[in-house]
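Student: Below is the sequence, then the predicted model.
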Amino acid sequence: MRGPATKTKIPYIDRLNPRYAVNVNAEQRRRQAEAWESLNLFVRKHDGWVTSPPGKVLRIETLKGSELPSRLRELGYNITERGSTMRVTGAPAMDPRTERATGAVPSAFCEMDVIEITLSGK
């Protein structure tokens, strides 16, 4: 005796399992991510801090009088200055009079210059 005929399975494609198209901007986003990562390494190497998430704009904090902005200008980047901010350095806090008297002791707070560059605007 023969049982009911088995149905062959057909790939189920509908709203729950759509066929995805190739993303046309994937290559551009990959190049932008690589550029962001290489600039992040460059900034960290030259005593700066990238404070923005990965994206089109890089916000960087540098020490007052740092050579990093001039090095970035030499590489051809347009730099926009955004003022200054205070950064906690992690050094132990001390009395400001003692800090001024010694001069060489690192402060727990440091004033930083803030700059921005765009990855596409080289």
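Tutor: Thanks, I have the structure now.

Student: need the next SSE after the worst-scoring helix or strand of the chain on mean pLDDT, C-terminal direction.
Tutor: Every helix and strand of the chain was ranked by mean pLDDT, DSSP states H and E. The lowest is helix 96-102, at a mean of 75. Following the chain from helix 96-102 toward its C-terminal end, the next helix or strand by DSSP states H and E is strand 109-118.

Student: Tell me the secondary structure at residue 92.
Tutor: Assigned by DSSP: H, G, I helix; E, B strand; the rest coil, the conformation of residue 92 is coil.

Student: That one - how many residues pack around it?
Tutor: The burial metric for residue 92, expressed as a neighbour count using other Cβ atoms under 10 Å, is 9. Where C-beta positions appear, they are placed from N, C-alpha and C, glycine not excepted.

Student: repeat for residue 96
Tutor: 10.

Student: ditto for residue 52
Tutor: Around residue 52 there are 13 other residues, counting by other Cβ under 10 Å.

Student: now swap in residue 60 and tell me
Tutor: One way to gauge burial is a neighbour count; for residue 60, by other Cβ under 10 Å, it gives 26.
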